Structure formats: C-alpha cells, structure tokens
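[1] Sequence and predicted structure below; questions after.
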Amino acid sequence: MFNCWPGSGLYLTFLCRSAVYGGVHRMNPQLRRVTLKALLERARAFRTRVDFDSGEFRKLAEGQYPEALFITCSDSRVIPAMITAARPGEIFELRNAGNIVPPYGRPGASGEAATIEYALEVLGVQDIVVCGHSHCGAMGALKSGDDLSVLPGVDAWLRIARPELTSVLRTAPDDPSLPEVSQGNVVNQLAALRSYPVVRQRLDSGRLRLHGWYYEVDTGFVYELGDDGDFRVHAA
Ligand SMILES: [Zn+2]
C-alpha cells in the first residue's frame, strides 16, 4: 500500500502513486523525509545566507511588482523560484493540487479566483504561466481512476479537472511521468482562465499573455506550449 513511484525523489508530497496506477499512496518509506528541525535550523540561519546589506530586502517593504502570475501544483519538487531563478518580488504564485483553475463563477469562496483577480487588478501582472509537471500525483490519481473516498477533499477538487481530461485520460499511455495528461491539463486550465472576465478583457485589449509550461522533475527540462498546441523544449 505505502509504496510509490520509484525514484520520484519525493519527500513531502501529499499524493503519490504506484508505478502501475495501483492506487493512491502517501509515501515511499525508502525516501527519507526532511525533519522539521532541519527546516527550522535553516530558517534560523536564513539571514546568514542572504545579503541583507545589499538593500534588496529592505526595498521589498515598499511593495511588490511581480512580472508574472505563476500557477502550478503544490508538489514539493516543483519550485518556481528555483526554475526561473526569480528573486523575491518577481513572481506571484498560485499553487494547488494539480494546478487547477476552477471555472469562473463557481459558488463559494475561491482562493484561486481571489488570487487571479488580485494579480491582474491590483498588481497589474501581464503574464500568467500555468505550469504542470511530470510524475504529478494529482494527474496520476485521475489517470488511475483511484477510489478517493478516503480523501473527499482531493476527490472533490480533482473532479473539477476530470471532465475536460476525459479523452486524454482514455488514450494516454501508462507512462509514470504522465506527460500527455499533465500537458492536456495545462491546456484545459488555460481555457479555464479565459472564463474569467478579468482575464478575457485583458486578453482582448492585448494587456495579458497566457503561457503553458510543463516541467520535468527528473530532468529539469521546461517544455513550452506553442501556437501549434505542442509542448517543446527550447534551447537556453
Ligand atoms: Zn502535481
């Protein structure tokens, strides 16, 4: 029960799956979990690792002017600032299981809707990146059709993404890295973004660009969605 995809390098993800979609699992016991003590020690030493004398951090108190809204999965292996070499204040992040954007107008409070609205209306962000990733537990759960009744919150959340993914889920090969499913999901979430009036208005007036990325956790390659609908790696 408690094994997961071998070699995933996974410590703190909330979902993991077996190599053959045999079920939703929590951890690979062979992978060592970082201790909170170690994280706390790193946090206590944070100021020693950063050059506060440069004035960069003092300036952050004056406000934030991020370049992009970066929507990605909560997965611990995906670190937007590391992938993009972003400095504090440069990217505004929205993270959840499966980098899902609920369609506009869904009843109830939505952290996603609030974050999108704030990024565009208040921060004036002009680019939104939706970044899926390989070996995604959320996409794996959708692909496997696992019984998620013990995880009702996850089940309800993933149901948002399932209908538009149906054809991809049916045809995608049983590849543990799930490129077809994760990339198809990115395309669908970009479409969901367009359902927000605040997004559509800015797209129509040329004040906003949408980007689809797919990050491969075991190689570090970033695939970009092109106008032809394919994801490709571009030379650095
Ligand atoms: Zn994921």
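    Yep, it's here.

[2] Could you list the low-confidence segments of this protein?
    The chain contains residues with pLDDT under 70 at 1-30.

[3] Tell me the residues of it that contact the ion?
    73, 75, 136, 138 (CB under 5 Å from the ion). Placement of C-beta: from N, CA and C, glycine included.

[4] Select from the residues you listed every entry located in helices.
    Secondary structure defined by DSSP state H assigns residue 138 of these to helices.

[5] Quick check: the farthest pair among the residues of the chain next to the ion?
    75 and 138 (8.2 Å; CB to CB).

[6] The host helix or strand of residue 41 packs against which elements?
    Taking DSSP states H and E as the definition, residue 41 sits inside helix 36-44. For helix 36-44, not one helix or strand is in contact under the criterion 3 or more CB pairs under 8 Å, 6 or more residues apart in numbering; DSSP states H and E.

[7] what bridges to the most centrally placed residue in the chain?
    Among the residues of the chain, the one closest to the centroid is residue 72, at 1.7 Å (CA atoms, centre = their mean). On the basis of DSSP bridges, residue 72 is bridged to residue 95, residue 131.

[8] From residue 207, how far off is it?
    Here residue 72 is placed at a distance of 23 Å from residue 207 (CB to CB, to the nearest Å).

[9] Residue 56 - how many residues pack around it?
    The local packing of residue 56 (other CB atoms under 10 Å) involves 13 other residues.

[10] List phi and psi for it.
    Reported as degrees, to the nearest 10, the phi and psi values for residue 56 are phi -60, psi -40.

[11] In contact with it, which residues?
    Contact analysis of residue 56 by CB atoms under 8 Å, 6 or more residues apart in numbering lists 87, 88.

[12] where's it relative to the ion, distance?
    31 Å (CB to the ion, to the nearest Å).

[13] cool, and residue 44?
    30 Å.

[14] Check what contacts stretch 166-184 and list those residues.
    Residues outside stretch 166-184 that contact it (CB under 8 Å, 6+ apart): 5, 19-21, 132-136, 139-140, 142-143, 145, 162, 165, 185, 212, 214, 216, 218, 223, 225, 231.

[15] switch to 6 Å and redo it
    Stretch 166-184 has contacts (CB atoms under 6 Å, 6 or more residues apart in numbering) with 5, 19, 132, 134, 135, 136, 139, 143, 165, 214, 231.

[16] Can you flag the buried ones in the residues of the chain next to the ion?
    Neighbour-count burial (16 or more other CB atoms under 10 Å) applied to the residues of the chain next to the ion gives 73, 75, 136, 138.

[17] From residue 227, how far out is the closest residue to the last one other than its chain neighbours?
    So the one you mean is residue 138. Of all residues beyond its chain neighbours, the one nearest residue 138 is residue 98 (3.3 Å), with distances taken as CB to CB, 6 or more residues apart in numbering. Distance, residue 98 to residue 227, using CB to CB: 25 Å.
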